[in-house]
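*Asks:* everything below, folded, please.
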Amino acid sequence: MRYPARILISLYLFAAAFLLTGCIDKTIYPATDLEIVSVVPYALIPTATDTASLPAAQINFKSLSKVPCNLKSYSISYYTAQGEEIPALTLPKTAIETKIDAEAEVSVEIRPYTSRVIDLLELSSSQISPIMARINLSFYDYNGNWLEREANCLLYQYSEAAE
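*Replies:* Just a heads-up that it's a prediction; the model follows:
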């Protein structure tokens, strides 16, 4: 009687481990799938030297699955035209709460360019324009899976010719 009890307990433990963690393919608790459709405006060309003249970037998402999720946070890192990171401008994780329903399209507004970025563009003697903002978005779906997506937009240096 001890041998069948061991087999039965082992099967229960295996089933519990499988149900609690899922499998590699995530067939029981699948992860959501999101696509970034667009970033509007993608290329920001300021007409003045203040941040008030810069519009917010509108990031449009589309859910490609039947699993809803929430946008939990975003962080922004900045890069020069040559692709070099500008660590002094990095914006740490910022909490945000936006629900994205299953198979829905949602827009989120984020202001990627701060006064520090504008000041750097104005005061820099080197050619770093356009500065690319790489917006890293963190999502948490209803099945307990984390998902990361990335959106980009560009900021060009202010010029009077753009007016």
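
*Asks:* report how many residues lie close to the residue lying closest to Thr80 once chain neighbours are set aside.
*Replies:* Of all residues not flanking Thr80 in the chain, Ile128 sits nearest, at 4.1 Å (CB to CB, 6 or more residues apart in numbering). To be clear about C-beta, it is placed using only N, CA and C from the backbone, and glycine gets the same treatment. Counted with other CB atoms under 10 Å, the neighbours of Ile128 add up to 17.

*Asks:* then Asn70?
*Replies:* Asn70: 15 neighbours (other CB under 10 Å).

*Asks:* cool, Ala16 as well?
*Replies:* Neighbours of Ala16 using other CB under 10 Å come to 10.

*Asks:* what is the burial count for Arg2?
*Replies:* What Arg2 shows, counting by other CB under 10 Å, is a neighbour count of 5.

*Asks:* OK, contacts around it?
*Replies:* Not one residue lies near Arg2 by CB atoms under 8 Å, 6 or more residues apart in numbering.

*Asks:* so what are the sheet partners of whichever strand or helix holds Ser107 and their directions?
*Replies:* Ser107 belongs to strand 105-110 when assigned by DSSP states H and E. Strand 105-110 has its sheet partners listed here by DSSP bridges as strand 57-63 (antiparallel).

*Asks:* could I get the partner strand in PDB with only the CA atoms?
*Replies:* Extracted in PDB, the C-alpha atoms of strand 57-63 (Å, rounded to 0.1, in the frame of the first residue of the first chain):
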ATOM      1  CA  ALA A  57       3.800  61.700 -27.500                       C
ATOM      2  CA  GLN A  58       0.700  59.600 -28.000                       C
ATOM      3  CA  ILE A  59       1.500  55.900 -28.000                       C
ATOM      4  CA  ASN A  60      -1.100  53.700 -29.600                       C
ATOM      5  CA  PHE A  61      -1.300  50.000 -28.600                       C
ATOM      6  CA  LYS A  62      -3.300  47.100 -30.000                       C
ATOM      7  CA  SER A  63      -4.000  43.900 -28.000                       C
END
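
*Asks:* pLDDT of whatever helix or strand comes next after it, averaged?
*Replies:* Downstream of strand 57-63, the first helix or strand assigned by DSSP H and E is strand 69-79. Mean per-residue pLDDT for strand 69-79: 94.
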